[in-house]
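Visitor: Here is a sequence with its predicted model. Questions after.
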Amino acid sequence: MQIGPHHFSGRFFLAPLAGVSDRPFRTICREMGASFAYTEMVSAHGLLHGTAQTLSYLDRDPAEVPFAVQIFASEPEVLARGAEAAVRAGAGMIDINMACPVRKVCGSGAGAALARDPAAVGAAVAAVVAAVPGVPVTIKIRSGWEEGTVNCVEVARAAEDAGAAAVALHGRTRSQGYSGRARWELIRAVKEAVGIPVLGSGDVWTAADALRMRAETGCDAVLVARGACGNPWIFRELKAAEQGGPIPPPPTRDEWVELVMRHVALQIEHRRRQRPHQPLPAVEEQAVRELRRHLLWYSRGRRGGVAFRRGGAHVKTAADVRTLIEVQFPPGAPWELDAGWHPAQDGGDEAE
Ligand SMILES: Cc1cc2nc3c(=O)[nH]c(=O)nc-3n(C[C@H](O)[C@H](O)[C@H](O)COP(=O)(O)O)c2cc1C
């Protein structure tokens with residue numbers, strides 16, 4: 001699968017996820033088999049001003065090639081300058097967010113609000129394409145603003161005409177937020193309408209869902225979003241499926257512990273790179289606090305998960321996390337997921 005000059009060995013990507021798809025989580029998902037991962041959305045204004053928060057979004061593993069930065073703003077000029085700044089910082093691919101439903105973002109005309117008008121989409125894409133020659137520019141959209149104004153086919157065509165290298169569609173409207181069903185038939189409709197690669201998104205909770213999305217829509221790649229939160233092993237399963245091998249079993253307790261502790265260590269390193277002069281205990285506490293959300297996700301559907309999550313609200317150090325794990329999930333205790341549990345049942349609560 002190819003986007004602009006970039007070849008991807010697989011068709012299952014980690015979706016852009018604000019507050020989630022940072023360097024540590026992208027590293028973990030790529031190691032598990034995701035062939036590509038976007039940054040979380042980054043303000044183009046922030047890129048222009050180089051704020052500390054924005055720079056933290058640009059932290060990347062040198063092995064992350066291409067490094068794909070997702071930017072948002074409403075004005076084509078700001079998007080163009082933001083894209084230039086991202087490329088100077090190493091981006092080899094720019095994605096424009098036209099899907100974010102958050103009121104503050106849409107209120108400024110960015111995110112999903114930008115995609116209300118196909119002409120505005122074309123202008124935004126054209127400005128960014130002109131600003132970063134040789135760097136593929138992609139967009140991520142929703143099906144439309146609301147049920148009566150589904151316009152993803154027109155928007156995708158406008159983007160293609162303006163030079164977009166791919167389009168990702170989350171098959172929900174802006175007014176749906178993250179609830180209700182994602183309309184996969186619209187992913188198929190967009191795929192049939194444009195010649196550029198189409199990436200599908202929405203309701204991919206399991207590896208079986210991702211494979212079914214590809215089969216039913218013909219999309220070129222699938223973005224795994226909430227289905228990867230707490231379950232980066234989904235990419236291990238998808239990679240095996242792509243290679244035609246047997247689907248690996250779910251993680252053992254020891255694999256799970258190793259990965260959770262690795263995530264903790266990566267998060268501490270990530271924060272340490274941004275705050276080299278701060279005392280390590282303060283950096284560690286911040287990093288571990290940030291990871292509490294992931295700890296919650298990692299423990300979903302597991303016996304002992306409720307107590308683990310209660311304890312997770314108080315952890316401050318990597319050692320605290322290790323102790324909590326050993327107490328709540330001791331070696332040899334039952335490890336299988338609760339019968340009947342499905343990631344969709346509590347995944348939606350986590351959306352912005
Ligand atoms: C916590 C969270 C953060 C998200 N952040 C972004 C973002 O920064 N940029 C973006 O384009 N989409 C973002 N999304 C949307 C996802 O990329 C994806 O399109 C959406 O969750 C639908 O897929 P799913 O139903 O399989 O989760 C976010 C979704 C969630 C749940």
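Guide: That came through, no problem.

Visitor: least trustworthy helix or strand in the chain by mean pLDDT?
Guide: The weakest-scoring helix or strand in the chain, judged by mean pLDDT, DSSP states H and E, is helix 344-347 (a mean of 75).

Visitor: do you know how far residue 146 is from residue 114?
Guide: Counting by Cβ to Cβ, to the nearest Å, the gap between residue 146 and residue 114 amounts to 15 Å. In this view, the C-beta of every residue, glycine as well, is placed from N, C-alpha and C.

Visitor: more neighbours, the two?
Guide: Using other Cβ atoms under 10 Å as the criterion, residue 146 and residue 114 rank with residue 114 on top: 29 against 14.

Visitor: what residues are up against that one?
Guide: Contacts for residue 114 (Cβ atoms under 8 Å, 6 or more residues apart in numbering) come out as 74, 96, 98, 120-121, 124.

Visitor: Please name the nearest non-neighbouring residue to it.
Guide: Leaving out its chain neighbours, the residue that sits closest to residue 114 by Cβ to Cβ, 6 or more residues apart in numbering is residue 98, at 4.7 Å.

Visitor: okay but the one you found is in contact with residue 111, surely?
Guide: Yes. Under the criterion of Cβ atoms under 8 Å, residue 98 makes contact with residue 111 at 6.6 Å.

Visitor: so what's the nearest residue to residue 290 once chain neighbours are set aside scoring on pLDDT?
Guide: Using Cβ to Cβ, 6+ apart and skipping residues adjacent in sequence, the residue nearest residue 290 is residue 267, 6.3 Å away. At residue 267, the predicted lDDT confidence score is 97.

Visitor: Check for me that residue 267 belongs to a helix.
Guide: Yes. Assessed with DSSP: H, G, I helix; E, B strand; the rest coil, residue 267 lies in a helix.

Visitor: What is the neighbour count of it?
Guide: Around residue 267 there are 24 other residues, counting by other Cβ under 10 Å.

Visitor: Residue 170 versus that one, what's the distance?
Guide: For residue 267 relative to residue 170 (Cβ to Cβ), the value is 27 Å.

Visitor: and what of residue 300?
Guide: For residue 300, the distance to residue 170 - Cβ to Cβ - is 22 Å.
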